[in-house]
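Q: Okay, sequence plus prediction incoming.
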Amino acid sequence: MTTLARTSVAARRNVPAFDFVLVLATLILSGIGVVMVYTATRGSLLAQGDDPKTFLKKQGLFVVLGLITMVVLAVFDYRRLEPLANLAYFLIMAGIPILLVLVQPDLGTAMIMVIVLLVMLAVAGLPIRILIMLLVGTALVVLVAVESGLLHHYQIARLTAFLNPNTHSNNPYVQSAIYNKQQAENAIGSGGMFGSGIGHGAQTNLGYVPEQQTDFIFTAVGEQLGFVGSVGILSLLGIIAWRVLRAAVRARDIFGRLMCAGLFAFIAFSAFQNAGMTMGIMPITGIPLPFVSYGGTAVLVFFAAVGLALSVGVRRRHR
């Protein structure tokens with residue numbers, strides 16, 4: 001082999017392993033999200049005499065800012081964060097924010113944080129018996145919270161509506177939760193196999209589904225894009241979660257492995273919870289659908305998660 005050929009091979013080996021599949025799936029999904037947010041808000045804005053593109057412009061801006069965040073974090077060496085992570089005990093570092101979020105109250109986000117923590121502890125090698133004890137302890141805390149009145153009425157109503165959807169309770173919170181669940185299922189079911197077409201969903205255009213641009217954005221997907229489009233959206237989310245998990249498996253250091261495992265749990269559970277609650281297989285919570293739901297904070301956080309996973313993947317060849 002000539003010197004030039006050996007140099008070329010060595011150069012290719014030193015090229016960072018940039019995950020184009022992860023980036024492409026993220027871009028496609030966020031683009032679809034912008035369209036879905038527009039169709040979910042256009043009707044109500046027109047009825048109010050407002051600019052029908054208000055949420056379209058905002059979501060587009062959020063996506064651009066998210067892309068910038070993703071690129072910056074992908075270039076950033078994630079290993080510089082490791083000394084900061086070692087300053088505090090793992091459970092203490094995670095437990096305090098979880099309690100603060102729960103007090104807000106934001107039960108859905110607290111649930112995600114607990115899932116992420118348990119997955120990261122499992123990846124870190126915590127014994128199974130300890131994980132089981134933590135799960136049992138979490139269940140006991142939830143039980144105490146329900147029985148002692150720490151949860152708000154609407155949170156208990158959402159659990160009641162999920163566990164007993166056919167109840168005839170006079171509680172307005174329960175009735176509201178059941179109504180939201182029924183309208184979400186009706187919107188998804190009306191889409192059929194191929195959907196009514198973008199911008200042509202009756203349930204979406206007439207605003208039957210509350211908070212459709214945020215918590216219930218998957219109903220707009222189901223009605224307008226149908227079963228095929230919904231499967232496509234879930235497949236893109238699955239690809240993103242898979243590539244983040246792949247970055248965890250291929251990471252050369254425990255910190256990168258733990259971080260990507262937590263990011264995988266965050267993205268995967270958020271997608272499962274959001275889509276699941278619109279189909280009646282999960283209780284209703286205020287968890288957004290990754291890269292699709294409207295909201296600046298959510299968009300930036302999910303793009304940041306992808307950026308950190310890219311940072312781990314790019315540096316996997318370097319010890």
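A: Yep, it's here. Just so we're clear, the structure is a prediction, and the values are computed from it rather than from any experiment.
Q: For A271, see how far away L29 is.
A: Per Cβ to Cβ, to the nearest Å, L29 is found 10 Å from A271. Every residue, glycine included, has its C-beta placed from N, CA and C.
Q: shared neighbours of the two, anything?
A: L237, P290 (Cβ atoms under 8 Å, 6 or more residues apart in numbering).
Q: Mind checking which of those two has more residues around it?
A: A271 (24 against 21; other Cβ atoms under 10 Å).
Q: didn't that one look like it was pressed against A241?
A: Yes - A271 lies in contact with A241 (Cβ atoms under 8 Å); the separation is 7.1 Å.
Q: CA atoms only for stretch 121-128 - export them in CSV, please.
A: Output of stretch 121-128 as CSV, limited to C-alpha atoms (Å, rounded to 0.1, in the frame of the first residue of the first chain):
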residue,chain,number,x,y,z
LEU,A,121,-29.4,3.4,37.9
ALA,A,122,-29.9,0.0,36.1
VAL,A,123,-27.3,0.9,33.4
ALA,A,124,-24.9,2.0,36.2
GLY,A,125,-25.1,-1.6,37.6
LEU,A,126,-27.3,-1.1,40.6
PRO,A,127,-28.3,-4.6,41.9
ILE,A,128,-31.8,-5.8,40.9
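Q: what's the distance between that stretch and the middle of its chain?
A: On the basis of Cα atoms, centre = their mean, to the nearest Å, stretch 121-128 sits 23 Å off its chain's mean C-alpha point.
Q: List the buried residues for it?
A: L121, A122, V123 (16 or more other Cβ atoms under 10 Å).
Q: what mean pLDDT does whichever strand or helix holds the second one have?
A: What that stands for is A122. Using DSSP states H and E, A122 sits within helix 107-123. Per-region confidence: helix 107-123 scores 75 on mean pLDDT.
Q: go on, stretch 40-56?
A: pLDDT averaged over stretch 40-56 gives 91.
Q: Run through who's touching it.
A: 34, 37-38, 199, 204-207, 212-213, 217, 220, 294.
Q: which of these lies closest to V116?
A: I217 (21.9 Å; Cβ to Cβ).
Q: so who does the closest one touch?
A: I217 neighbours (Cβ under 8 Å, 6+ apart): G33, M36, V37, A40, N274, P288, L289, V292, S293, Y294.
Q: dump the residue contacts of the nearest residue to it once chain neighbours are set aside.
A: For I217, ignoring the flanking residues on the chain, the nearest one in space by Cβ to Cβ, 6 or more residues apart in numbering is S293 at 4.7 Å. By Cβ under 8 Å, 6+ apart, S293 lies in contact with G33, V37, Q213, T214, D215, I217, N274.
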